[in-house]
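Student: just a sequence and a predicted model for now, questions to come.
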Amino acid sequence: GGVWSLDAQQLATLAWAAARLGHHDNALLKAIARASRARVTAGEFNSQDLTNTAWAFARLDFPAPKLFAEICAVIRKRLRGVSSPSTTLGPQHLSMLVWSLAKLNVESKPTMLALLRRARRQISDFRARDLADIIWAVAHLGLKVPKFIQAAGVAAEAKLGSFNSQELLKFLGAFRRAGGQKTVESRIASTKRELAYDFPALRGLQVKLAAEVPGQHQADGGGEGGDPQRADGTATGVALWEASFVLAEWLSRQTGDLGAVPELTGVLPRGGRWRSWKGKAGVELGAGLGLPSIVAAHLGIRVVATDGDPAALRLLELNVRSAGLQKRLLAKPLLWGSDQPLQQVGLKRPPSLLLASDVIYADSRSREDRSGKLISTMLSLSGSHTLVILSNVRRFPEGHPRGEGRFFSRLDRFFECAEVPRQSLHPD
């Protein structure tokens, strides 16, 4: 009974679901590992099941040495032999397997090199995310595979338009650490980008944004420094991040009576004041390219989009002008923690709406100082009827010491908080 009664696909699906939910149950994972090992050895796992299982254990950071020894043995056997449809390893399988082995620091260099040889032959078919993951694995393990790295660089240049900001930043950092050609890195990093996002709920609105490659030190030309609010001085606001699109897309669908929106009923003040966005004043903190601000302006909100990074502000001002909403949309500089933020954004009273996305830096030693400045600015801009909407990517499991939980716990002291259910957000 229990997991031992499950077939290979069911075991792989169970592990995958646990990883997707961040459900770190040691007893369950040990049982899945033991049951899966027997079926992997018997050849019952097809390529997708094998990949999903490896990915799940890596995502949960749960070492299972005996299981992975069998997985590696099966991988090498399949790469040497004649493949069938169920045992063929395609680009996504290869990338996920390499990433999983690297994430868990599985010591099987022959397996890794065999996977990379096959990956090099299929590199032109890799998606942007697959390229970012596999080059990260190479850099993480310090593998010396110059021909593969060169091929990955060529493929990345060819697919540059399909990378999102997270993928591109991940690829460039890993490519540099892996010893990739500086000329290739420089060409990718210097590329100007135009992004386009569709919002069907707003009468088919399409927003086009000028963007650049993130993570570069903006110290050349024009005297721009990096982001003064980041310890490493890099410019991240010059690209669009997932949380920004998720916030903008969710906003775009809130076109009816706001008092009837389930996610807002617990935090909106009672009365007719919030039946519509129209006529409201809003401020976006750390706006970057300004996508949520632009969508908010199309909803009828008078928005001031702010950022403290000169490089981001330059693009923000360009995108604001291109939006053609000058009467409802402005761009202004604002550093968190600075004095009199209301006056700096040109308002006489707190706005009705405060927006921010991906403004919580959980990976820096100075995060507490920045978080304190951000909260201070939020409080200075908020009144008793201000609705604050934050969008953030959860990069660590709940309770992780580097996670965002501490920041949100501090917010609970000052604001009535509610969480928008994941099923209400954009599926991607």
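Tutor: Yes, it's here.

Student: how close does residue 14 get to residue 114?
Tutor: As judged by Cβ to Cβ, to the nearest Å, residue 14 and residue 114 stand 28 Å apart. (C-beta placed from N, C-alpha, C; glycine too.)

Student: I meant to write residue 370 there.
Tutor: In this view, residue 370 and residue 114 are 44 Å apart by Cβ to Cβ.

Student: show me what contacts residue 295?
Tutor: 199, 202, 205, 207, 248, 249, 251, 252 (Cβ atoms under 8 Å, 6 or more residues apart in numbering).

Student: are any of those residues buried, and which?
Tutor: Buried members of the contacts of residue 295, scored by 16 or more other Cβ atoms under 10 Å, are 199, 202, 207, 248, 249, 251, 252.

Student: hang on, the last one packs against residue 201?
Tutor: So the one you mean is residue 252. Yes. Look at residue 252 against residue 201 with Cβ atoms under 8 Å: they come within range, at 4.8 Å.

Student: contacts for the host helix or strand of residue 210 next, please.
Tutor: Using DSSP states H and E, the element containing residue 210 is strand 205-211. Contacts of strand 205-211 from elsewhere in the structure, counted by Cβ under 8 Å, 6+ apart, are 165, 192-199, 238-240, 248, 252, 289-291, 294-295, 298, 315, 318-319, 322-323.

Student: rerun that using 10 Å as the cut-off
Tutor: Residues outside strand 205-211 that contact it (Cβ atoms under 10 Å, 6 or more residues apart in numbering) are 165, 191-200, 237-240, 244, 248, 252, 288-291, 294-295, 298, 312, 314-319, 321-323.

Student: ramachandran angles for the residue nearest the centre of the chain?
Tutor: Geometric centre of the chain, nearest residue: residue 242, 4.9 Å, by Cα atoms, centre = their mean. Main-chain dihedrals, residue 242, degrees, to the nearest 10: phi -50, psi -50.

Student: roughly how far does it sit from residue 263?
Tutor: In terms of Cβ to Cβ, residue 242 sits 19 Å off from residue 263.

Student: output the below-cut-off pLDDT ranges for the chain.
Tutor: Scanning the chain for pLDDT under 70 picks out the ranges 215-235, 270-272, 361-368, 397-401, 428.

Student: do that again at 50, thanks
Tutor: Where the chain drops to pLDDT under 50, the residues are 218-223, 225-226, 231-233, 363.

Student: please enumerate the helices of the stretch 1-150 of the chain.
Tutor: 8-21, 26-41, 47-59, 65-80, 91-103, 109-121, 128-141, 146-158 (DSSP state H, counting those that start in this stretch).

Student: residue 14 and residue 114: which is more packed in?
Tutor: More crowded of residue 14 and residue 114, by other Cβ atoms under 10 Å: residue 14, with 21 against 17.

Student: just confirm residue 309 contacts residue 289, I think it does.
Tutor: No. The pair residue 309 / residue 289 is not scored as a contact, 11.3 Å apart, by Cβ atoms under 10 Å.
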